[in-house]
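J.: Pasting the sequence and the predicted coordinates here, then a few questions.
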Amino acid sequence: QVQVVESGGGSVQAGGSLRLSCVVSGRTFSTLSMGWFRQAAGKEREFVASITWNGGSKVYADSVKGRFTISRDNAKNTVTLQMNLLKSEDTAVYYCAATSGLYNLKRTYAYDYWGQGTQVTVSS
């Protein structure tokens, strides 16, 4: 059984930083592409960032480009989202997701496994 568990959410003032982590168990992590999505209250879940199995391709939503960085450590079964220069509009529940695929990584339907989410609140 695959488990995806996020951690690292919290509250921060605008301009601050947070680091989200996601640990995957139950599958060979190094064969999985990983993604981060977020869902603000009353809105649809949206893509934030993705990284392929070997870290060779990283993609970001325009809204976070230059502020967020996705990385992975296959030895620790962990993917990380470093979030800098946070804005109030970054407030959302952040979800980590995993897939054995390589395509359509901006789409929620591409992912097989999801975490429960972690709340990020940015106050202005």
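T.: Nice, I can see it.
J.: got the residue ranges for the helices in the chain?
T.: Assigned by DSSP state H, the chain shows no helices.
J.: measure the spatially most central residue of the chain to S124 for me?
T.: Closest residue to the average C-alpha location of the chain: W36 at 2.2 Å, with C-alpha atoms, centre = their mean. Distance of W36 to S124, given as C-beta to C-beta, to the nearest Å: 22 Å. To be clear about C-beta, it is placed using only N, CA and C from the backbone, and glycine gets the same treatment.
J.: ditto for S7
T.: On the measure of C-beta to C-beta, S7 and S124 end up 25 Å apart.
J.: same question, Y103
T.: Distance, Y103 to S124, by C-beta to C-beta: 37 Å.
J.: one step back: give me the neighbour count for the residue lying closest to the residue nearest to the centre of the chain once chain neighbours are set aside.
T.: Excluding the flanking residues, the one nearest W36 by C-beta to C-beta, 6 or more residues apart in numbering is V48, at 4.2 Å. By other C-beta atoms under 10 Å, the residues close to V48 number 25.
J.: just checking, V48 touches A40?
T.: No - V48 lies out of contact with A40 (C-beta atoms under 8 Å); the separation is 11.5 Å.
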